[in-house]
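Student: would you be able to build a 3D model of this:
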Amino acid sequence: MTVLTSILVFLHILGAAAIVGGWFATFKKPTVLPIQLWGAIAQLVTGLALVGVFEATGSPTTAFHIKMGVKIIIAIAVLVPAIIGYRKARANQKVPKGLAHAVGGMALINIGVAALWSV
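Tutor: Residues are numbered from 1 along each chain as shown. Sure thing, here's the model as predicted:
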């Protein structure tokens, strides 16, 4: 299980890097890149998989469940604008600045929750 957990954590961090990196790369002219959409999908899928692995092997606490609930809500708050923004960008429509910044900003908040909220 350690190898599986390590691979999932690697992919989870890679997803976060894709979202935030794409956001920084297009900060002056905000849009949603395909890599950000794939990063958001990777974040949600690997996050849920990590919770499943931990539930199966560890003894999660109430604080863990609260933190994971918050992180899943934020992950969905990243994925939904990423889908909407990507569809607009693919259709050659203007992506609203707030939508593009929501993708990167919420991902950054999710990283902060992961790093600063100790369980």
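Student: so what's the residue count around F64?
Tutor: Counted by other C-beta atoms under 10 Å, the residues lying close to F64 total 15. Quick note: C-beta positions are derived from backbone N, CA and C, even for glycine.
Student: then the one 3 residues further on?
Tutor: K67 has 17 neighbouring residues, counting by other C-beta under 10 Å.
Student: same check, this time on R90
Tutor: Residues near R90, counting by other C-beta under 10 Å, number 11.
Student: now do L37
Tutor: That count, for L37 with other C-beta under 10 Å as the rule, works out to 23.
Student: and the pLDDT at it?
Tutor: You'll see L37 listed with a pLDDT of 98.
Student: gap between it and L116?
Tutor: L37 is 26 Å from L116, where distance means C-beta to C-beta, to the nearest Å.
Student: same thing with V45?
Tutor: Relative to L116, and taking C-beta to C-beta, V45 is found at 23 Å.
Student: pick out whichever of those two has more residues nearby.
Tutor: Ranked by neighbour count (other C-beta under 10 Å), V45 and L116 place V45 first, with 15 against 7.
Student: which helix or strand contains that one?
Tutor: Element membership for V45, per DSSP states H and E: helix 34-57.
Student: what residues of that helix count as buried?
Tutor: 35-44, 46-47, 49-51, 53 (16 or more other C-beta atoms under 10 Å).
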